[in-house]
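# curious how this folds, go ahead:
(chains A and B)
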2 protein chains.
Amino acid sequence: MSTDQDSTPSLDPILSPRSIAVVGASRRPGSIGNTVLRHLVQAGFTGPVYPVNPKATSVASIPAFPSVASLPMVPDLAIIVVPSELVLSTARDCAAKGVRGLVVISAGFREVGGTGTKLEADLLEIIRAHGMRMVGPNCMGVLNSSDSVSMNGTFSPVLPPHGDIAFASQSGAMGMTILDYASEYGIGISQFVSLGNKADVSGNDLISHWRDDPEVKVILLYLESFGAPRRFTRLARETTRAGKPILAVKAGRTAAGARAATSHTGALAQIDIATDALFRQCGVQRADTIEQLFDAAVAFSRAPLPLGNRVAILTNAGGPGILIADACEGHGLEVRTLSVPTQDALRAILAEEASVANPVDMIASATPEQIEQALRIVLEDPGVDAVIASYVPLALEAPLVARAFEEGARGSDKPVLAVLMSKRGLPQGMAELEGSRIPAYRFPESAARALGAMWRQRQWMTRPAGDWRSFEVDREAAGRILDGARAAGRQHLDLPDALRLLEAYGIPTAAWAVVHSAPEAVAAAEALGGRVAMKPASGDILHKSDTGSVHLDLAGEEAVGGAFQELEAQLEGTSAGALAAGVLVQEMVGGGRETIIGMVWQPYFGPILMFGLGGLHVEILEDVSFRIQPVTAQDSAEMIDSLRGVRILGGVRGEPPVARERIEEAIQRISQLVGDHPDIVELDINPFLAFPEAARCCAVDARFRIRT
Amino acid sequence: MSTDQDSTPSLDPILSPRSIAVVGASRRPGSIGNTVLRHLVQAGFTGPVYPVNPKATSVASIPAFPSVASLPMVPDLAIIVVPSELVLSTARDCAAKGVRGLVVISAGFREVGGTGTKLEADLLEIIRAHGMRMVGPNCMGVLNSSDSVSMNGTFSPVLPPHGDIAFASQSGAMGMTILDYASEYGIGISQFVSLGNKADVSGNDLISHWRDDPEVKVILLYLESFGAPRRFTRLARETTRAGKPILAVKAGRTAAGARAATSHTGALAQIDIATDALFRQCGVQRADTIEQLFDAAVAFSRAPLPLGNRVAILTNAGGPGILIADACEGHGLEVRTLSVPTQDALRAILAEEASVANPVDMIASATPEQIEQALRIVLEDPGVDAVIASYVPLALEAPLVARAFEEGARGSDKPVLAVLMSKRGLPQGMAELEGSRIPAYRFPESAARALGAMWRQRQWMTRPAGDWRSFEVDREAAGRILDGARAAGRQHLDLPDALRLLEAYGIPTAAWAVVHSAPEAVAAAEALGGRVAMKPASGDILHKSDTGSVHLDLAGEEAVGGAFQELEAQLEGTSAGALAAGVLVQEMVGGGRETIIGMVWQPYFGPILMFGLGGLHVEILEDVSFRIQPVTAQDSAEMIDSLRGVRILGGVRGEPPVARERIEEAIQRISQLVGDHPDIVELDINPFLAFPEAARCCAVDARFRIRT
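Residues are numbered from 1 along each chain as shown, chains lettered A, B, ... in the order given. From the prediction side, this is the model:
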């Protein structure tokens, strides 16, 4: 249990009110205030509803009151639909009366900019000052279908059936549309909130509330932006790990204005990538479309999670069986041949022409008894974790088939998903299954996708928790380096500072020294083992010139001295600071497999970590992975595993595998570094060289950009 | 016009009969024969229907005849539903009577194996001997909704609306299901054929027929296998290039039994990859699901193709606009900011709060007049190629919106796709648009996907035709090499033969010589420029040992002589033939970018060509592309362009681009080689080294497996 809600007042007055005032309830049919009032009454809200209207004695036959102050009791919730210029005074009246929850439908706030933004800030101040909670402004209302509440405080004329799916929508219009779909498909909704401008109540607040609500089994989100991604991550992770799935449509891929990238990592890390990373890290499943959202939601709502990914397919015709098998493979599910005893048992009850391997084709003549028995037999196979049972209406009516599915599945704790492939009798067939644990679909793809989502949820729940490791580091030394650079007005750390920063956080670097003359360079090269690389120490220079100023694989007095003079001449042509910073002489580390560890600070998400294989893998193939900081041990392992080219680290063509635990540790140490020092806005360790010998792994080059 | 149909009798008696006999028309309601007869009558078949039943004087009130011979006239088509053992005699009776077309619904043929297979062969012999055509056996009938035919000769009780979509299904059950969907969604079907066992009439025959049928505008296929992929490719290419789209669901990805791979190329080239390649080469668009098939079919059926990919989005709420924009990007479409004049024109007619950049958000208060005008304005923008117009039902009823879309689109030759996002009024809204050129969808994703399919069709039609080049080659020399190897009982060509084979087809190779002693090796090395590679010449040895037996970068008497002796000792331990074949000394070609050109012969598709970047790109990243032989110049260019790592050939980090026209030519020459010599079942040129200088590009190693 989190203590998240202790700090702020409860959402109960908004989501489960016992009484409601509609402030701005107009007598004009079709007006928003009138509509919301009527919807509350039509849906049979369990408590009293008070219209507030200064000019009417009744609205929709319900006695009205001229003001909030004049109400005969204190309503839990006030739904406000007055013009925006009257919202502030109404909110004050509510506060004075002791109302605890507001739903502000009125528009004309932050979404119109200018004075609207000010108005919203003032409104929020009133809310906060009086310990109230508020949904909106500029929203389309709230809904709770629980028998004890039965509240439809929305524009939507239809109340979907009562169920255990909770849904928050950042777009009011999409919310209405989605409620409409839910009613049509008989998808049971528990609560719905149109978030509007999210001035007070946010998606995070709702996750926090629904996490602990036993009436909610699945949480759906329609999002267009994140307010507080870190809190989202924490809340969502707790919720999903505890077994309550969260499914989200995150719109706005194209609208994402990726800021002009000044570096490598920056160019790759965009908002949508960050969203994907964030969802992955907290077990939220992203749906591309509303349809996919529902397909999965229904499955989660009705059926138990599978323990594994082995699917048995039942069908009465070859085609659908193949389509379902194809779709299963595409969603991480396996369609294996059934065990010999299972095949024998099926053969004993099915027609001679039936196929029993998997898909099980019961052929067109299958009877309800055969369907029921076949389903029971495959469910009993210990090598089967889930069943997709399909029927093309050839001989039997859909409701008969649905009943056979229900009977066959009775008593099993494995999920069964039905595919009823025709309109004919479909509504009746669906209706037949509505109270059951069997979600029903029309298209094979939908069932496979939904089962795939269930399997991912199961994997997520059983995945190791992945602790955030805290390494012993020299945080103060790092702080001093950064303070020094900022004091010197540097945007890019000089290379020695960059390497020292890594060292302060326990990330090994190739041995190095800074020199200011040719003899010093020669001496340093000798001390570093003879073969060295040389480059300018100044961060600004390094940032500007990718090529030309780095000299590799130098050995001997002549080569080293010559390189120094060349670099010196180059630097003389630039700023004085660049020359003064000197030249870095570094041990030439031979071999090793190149990797890149990077970070870019993104305005919404904070630090985003990147890992990739070096060279062409990043530049050309964009084979990289991302996670939001902080990353767990498990995250860092998955960052490596998710690369297409991961086998290169495992060793190809007889090479030994590299010590990948060192890469994982380096990623986690970087996570700690950028978490401790939020002024680092970009970093690139390129390359971080990985070797089979753990002790040889090291960073060779590092670039840091800091906030100035 | 192709002459494809000249060789075989026409399908008209089957698809557009003027009279039909139902042989095996039972009086028993619910029996197949009775059902098909009733469906024919219910759908109002325009000619006479004759039940043939030896035991009844009438069936379903229609006068019956005891035998085909006793019919009062010669029906164009006989639909046969008698038990399988009577089908042969019935077919003979039909032939004797002069019937030209058969649809054999009866099952019990090849699909049951054994005697069924024999029965089917005998049936086909009768058909062919008498110049008849036959659909089936083991099918679910045929349908033609044209007013002049109006034939429902299927199990399906519903006749979808008349339209211009033709549909062939290899699965009867899927066919029925799809007809059901089509009726529900008001999708106009022209003709439908359940192919059954495809003993005579195949999918290819239907493509050939429908290609020339002016009543057919779109062709849909549900396939589970290919009969004659080469004919399919040719027919489909002609049809799609001429502007008649073909959309296909190809089921059976997982069922594909990829044969045990004996080599590199073999492991990668699987059936599904081949199907994708084949579709790509002939402009057939593959749908993953039935839903996608229909989404695209409706768009093709109703709307004109876009000339470009720039989409304007109209909406009355922010959320849907974002979802549509996201989906467009995912389907190759662009959502650009509208021109300033267009924005000004929109601003003049829309509410102040509307957004006019793109998506155009007309906001919730939009009137039908505003919707109509806004649509007209965006259609007139020369920077807009297509419009997706969406509406969330907030204020207006769907039919009103639909009419506004229709009015706004009137007179424009750009496609407009509607998204009506709610059930409320949706059927009426859809109905309103049914006769129009505006396809309507419920989900944003569906419209974007359909428009994406239209844009791909447009690109395909305007793509250069891509000729099959015929190079001057020494075909006979190649034949002699292959004959020699076969005569010697070799499964793998010796390396000298392999290189000579490439040379015979004009593919340059690194200079080489075969030697049988150390002094010979030294002399050859000198003649080849000093630096050489050495390996066994025997194909069998090469095939078995990937490592250890290839010596690279040798120079000087000692190294070359030593390598020879080492190889000789190795070969002595193997077969006598391997030693006799000698050792290959080859010019050591330095540098160059490694590519692989391969081919594997696939039982269904024949030769499949592969191209990839060498080394890790193929082995680890599986960055390869495939095409079915023969490949055009355009195909070979696309094989290269479709690689993720294509930029490596263009030159990275300042390298000059390679002479890629030489790679393209080599791919086309290989295509010619394997087409001329079908006994080659596998080949791998690995590497084919590409250089900036065209003259330096060459094959270094080549392995051929031949049919024995």
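
# quick one, grab the pLDDT at residue A:3.
Reported pLDDT at residue A:3 in the predicted model: 42.

# residue of the stretch 1-150 of chain A nearest chain B, please.
Going by CB to the nearest CB, chain B is nearest to residue A:112 of the stretch 1-150 of chain A, at 6.8 Å. (Glycine included, C-beta is placed from N, CA and C.)

# check contacts around that residue.
residue B:353 (CB atoms under 8 Å, 6 or more residues apart in numbering or on different chains).

# how close does it get to residue A:170?
17 Å (CB to CB, to the nearest Å).

# I would like the residues contacting stretch A:78-86, please.
With CB under 8 Å, 6+ apart as the contact definition, stretch A:78-86 has outside contacts at A:20-26, A:32-33, A:36, A:52, A:68, A:87, A:90-91, A:94, A:99, A:101-109, A:116, A:119, A:136-137, A:141, A:153.

# what's the next secondary structure element after the lengthiest helix in chain A?
Longest helix in chain A by number of residues, with DSSP state H as the criterion: helix A:444-462. Next in sequence after helix A:444-462, counting helices and strands by DSSP states H and E, comes helix A:475-487.

# can you tell me what sits against the next helix or strand after that following helix?
Heading C-terminal from helix A:475-487, the first helix or strand you meet, by DSSP H and E, is helix A:495-504. By CB under 8 Å, 6+ apart, the residues outside helix A:495-504 that reach it are A:473-475, A:477-478, A:481-482, A:484-485, A:493, A:509, A:512, A:514, A:535-539, A:542, A:581, A:584, A:673, A:685, A:699, A:701-704.

# point out where chain A drops to low pLDDT.
Along chain A, segments meeting pLDDT under 70 span A:1-7, A:252-271, A:422-431, A:434, A:541-548, A:576, A:616-621.

# break chain A into its domains for me.
Domain assignment for chain A, taken from automatic domain parsing, gives A:12-297, A:303-462, A:511-588, A:593-706.

# and residue B:301, which of the ones you listed is closest to it?
In terms of CB to CB, the element of the domains of chain A nearest to residue B:301 is domain A:303-462, at 20.0 Å.

# quick one: terminal-to-terminal distance for the closest one?
Using CA to CA, to the nearest Å, one end of domain A:303-462 lies 18 Å from the other.

# ok, residue A:592 to chain B distance?
Residue A:592 sits 16 Å away from chain B, going by CB to the nearest CB, to the nearest Å.

# that residue touches residue A:693, doesn't it?
No - counting by CB atoms under 8 Å, residue A:592 does not reach residue A:693; the two are 9.8 Å apart.

# please identify which of the two sits among more neighbours.
More neighbours surround residue A:592 than the other of residue A:592 and residue A:693, with 20 against 12 (other CB atoms under 10 Å in any protein chain shown).

# the residue lying closest to the more buried one once chain neighbours are set aside: helix or strand, and which one exactly?
Using CB to CB, 6 or more residues apart in numbering or on different chains and skipping residues adjacent in sequence, the residue nearest residue A:592 is residue A:689, 3.5 Å away. If you go by DSSP H and E, residue A:689 is part of strand A:680-690.

# contact residues of the stretch 51-200 of chain A facing chain B?
A:112, A:155, A:157, A:169-174, A:176-177, A:180-181, A:183-184 (CB under 8 Å from any CB of the partner chain).

# pull out the buried members of those residues.
A:112, A:155, A:157, A:169-174, A:176-177, A:180-181, A:183-184 (16 or more other CB atoms under 10 Å in any protein chain shown).

# so which of these belong to helices?
Among those, the ones falling in helices (DSSP H) are A:172, A:173, A:174, A:176, A:177, A:180, A:181, A:183, A:184.

# could you measure from the residue nearest in space to the middle of chain A over to chain B?
Geometric centre of chain A, nearest residue: residue A:279, 1.9 Å, by CA atoms, centre = their mean. In this view, residue A:279 and chain B are 15 Å apart by CB to the nearest CB.

# so what's that residue closest to, chain neighbours aside?
Nearest one to residue A:279, counting by CB to CB, 6+ apart, is residue A:286 at 5.0 Å.

# now residue A:360
Nearest to residue A:360 is residue A:314, by CB to CB, 6+ apart, at 5.1 Å.

# can you tell me the element the one you found falls in?
Using DSSP H and E, residue A:314 falls in strand A:311-315.

# repeat for residue A:204
Per DSSP H and E: residue A:204 is located in helix A:203-211.

# neighbouring strands - and their directions - for whatever helix or strand comes next after that helix?
Next helix or strand after helix A:203-211 toward the C-terminus (DSSP H and E): strand A:218-223. Strand A:218-223 has its sheet partners listed here by DSSP bridges as strand A:162-169 (parallel), strand A:246-250 (parallel).

# what number of residues are in the vicinity of residue A:558?
Residue A:558 has 10 neighbouring residues, counting by other CB under 10 Å.

# next one: residue A:231
17.

# one more: residue A:150?
By other CB under 10 Å, the residues close to residue A:150 number 17.

# what's the closest non-adjacent residue to it?
Leaving aside its chain neighbours, residue A:150 sits nearest to residue A:44 (4.9 Å; criterion: CB to CB, 6+ apart).

# residue A:196 now?
That would be residue A:139: by CB to CB, 6+ apart, it lies 2.8 Å from residue A:196.

# gap between residue A:8 and residue A:128?
Computed as CB to CB, the residue A:8 to residue A:128 distance reads 9 Å.

# same deal with residue A:157?
34 Å.

# bridged to the residue nearest to residue A:592, which residues?
On the basis of DSSP bridges, residue A:689 is bridged to residue A:594, residue A:698.
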